[in-house]
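Asks: The sequence and its predicted three-dimensional model are supplied below.
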Amino acid sequence: MRSEKSAESHVVCLVDDDPLVLNSLGNLLASDGIAARCFNKAETFLAHIQVHRVELVVLDIRMVGMTGLEVQAHLSSICCQTRVIIITGSERPDDERNAMQAGAIAFFTKPFDDEQFLAAVHGALAQAKASQELPPEAIVGRL
């Protein structure tokens, strides 16, 4: 049951099979006071989310094994409230459209502007905090 999962307040999960990208994004978030948990395989992240509630995940689209879009679809299928930011090193026209239609809150093509990325992260964390503060009757009314 979701309520039994432990919360990781303001821990952003990063999922990318490139260790340099994980290190760079982890350092960027840390420089802004945000903790990051890094995963080099989508499957490892999916095992993690079975135990921990995650407010925000940053997913690379092109990874060995599952793609970022497949992970995003899995999150949606389990009614997960995790917000998703997609990053990619390739410019395929359908990727951004597919990611945004599936509920991603932001899409960035590498290399991207650090400030814009951090603004998207802060916006997602603010959304997560606001949704946690909703009274139960506000949630019931949305169902």
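Replies: Everything's here; your move.

Asks: residue contacts, A124?
Replies: E55, L56, R83, I85, I105, A106 (C-beta atoms under 8 Å, 6 or more residues apart in numbering). For every residue, glycine as well, the C-beta is placed using N, CA and C.

Asks: Now do it against M66, distance only.
Replies: Counting by C-beta to C-beta, to the nearest Å, the gap from A124 to M66 is 21 Å.

Asks: Same check on H10?
Replies: 26 Å.

Asks: same thing with V54?
Replies: Distance, V54 to M66, using C-beta to C-beta: 16 Å.

Asks: Who has more neighbours out of these two?
Replies: Per other C-beta atoms under 10 Å, whichever of V54 and M66 has more neighbours is V54, with 21 against 18.

Asks: Can I get the longest helix seen in the chain as PDB, trimmed to CA atoms?
Replies: Longest helix in the chain, counting residues (DSSP state H): helix 114-132. C-alpha atoms of helix 114-132 as PDB (Å, rounded to 0.1, in the frame of the first residue of the first chain):
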ATOM      1  CA  ASP A 114      21.300  24.400 -15.600                       C
ATOM      2  CA  GLU A 115      19.000  27.200 -14.400                       C
ATOM      3  CA  GLN A 116      16.100  26.000 -16.500                       C
ATOM      4  CA  PHE A 117      16.600  22.500 -15.300                       C
ATOM      5  CA  LEU A 118      16.700  23.600 -11.600                       C
ATOM      6  CA  ALA A 119      13.600  25.700 -12.100                       C
ATOM      7  CA  ALA A 120      11.800  22.600 -13.400                       C
ATOM      8  CA  VAL A 121      13.000  20.600 -10.400                       C
ATOM      9  CA  HIS A 122      11.900  23.200  -7.900                       C
ATOM     10  CA  GLY A 123       8.500  23.500  -9.600                       C
ATOM     11  CA  ALA A 124       8.000  19.700  -9.500                       C
ATOM     12  CA  LEU A 125       9.000  19.600  -5.800                       C
ATOM     13  CA  ALA A 126       6.600  22.500  -5.000                       C
ATOM     14  CA  GLN A 127       3.800  20.600  -6.800                       C
ATOM     15  CA  ALA A 128       4.600  17.500  -4.700                       C
ATOM     16  CA  LYS A 129       4.600  19.500  -1.500                       C
ATOM     17  CA  ALA A 130       1.300  21.200  -2.400                       C
ATOM     18  CA  SER A 131      -0.400  17.900  -3.200                       C
ATOM     19  CA  GLN A 132       0.700  16.400   0.100                       C
END
